[in-house]
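Engineer: coords please:
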Amino acid sequence: MMAGFGGALKNISIGMASREGKCLIHSAGATSESWRSAATPDFLESMADACKAVLAAQPNMLFVNVMNNLSVDCDCDSNPAPPKMADIGILASADPVALDQACVDLVYASEDDSADLIKRMESRDGVHVLEAAESLGVGSRAYELVEIG
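Structural biologist: As a prediction, this is how the structure comes out:
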């Protein structure tokens, strides 16, 4: 919920972190022992930092985002809001920043009920993680969308 949306960058940073690492990311480096949350920009920049560290250790990865039954809530929420957006598609890239940017752009372009997700992304300045990751050299927000199948 704090990130505004969940994609490759969130899964790399939060998903691959230890319990202590998750605490460090959520607190923007303040603590490894509690789930205290940092201000949104600091949290998003901490996520980008964690992505850079993971990719430095394991640079040869492919990222896949499944954009199906999208909800405004995180999968960590024990009682998430029901999905409002239907299937947009499956996207893949070796660049997690480009992948997440393409997904965000597709949500904005969707004619489906994307208003709640857009409101969530904007209220959390979710695109800031893309800006921060790009500035750290994690990837590029530029992409070419190629349809297959």
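Engineer: can you give me the strands in this protein?
Structural biologist: 63-67, 89-93 (DSSP state E).
Engineer: shouldn't Met85 be in contact with Tyr108?
Structural biologist: No - using CB atoms under 8 Å, Met85 is not in contact with Tyr108; the gap is 11.7 Å. (Glycine included, C-beta is placed from N, CA and C.)
Engineer: neighbour-wise, which of these two wins?
Structural biologist: Met85 (19 against 11; other CB atoms under 10 Å).
Engineer: I'd like the distance between the closest residue to the more buried one other than its chain neighbours and Asp113.
Structural biologist: Nearest residue to Met85 in three dimensions, chain neighbours excluded: Leu70, at 3.9 Å (CB to CB, 6 or more residues apart in numbering). Using CB to CB, to the nearest Å, we find Leu70 at a distance of 9 Å from Asp113.
Engineer: Over to Phe43?
Structural biologist: 27 Å.
Engineer: which one of these two has more residues nearby?
Structural biologist: Phe43 (20 against 12).
Engineer: Helices of the protein, start to end?
Structural biologist: Using DSSP state H, the helices assigned to the chain run over residues 8-13, 19-26, 40-57, 96-109, 115-123, 128-135.
Engineer: which of those is buried the deepest?
Structural biologist: Most buried of these by mean neighbour count (mean count of other CB atoms under 10 Å) is helix 8-13; its value is a mean of 25.
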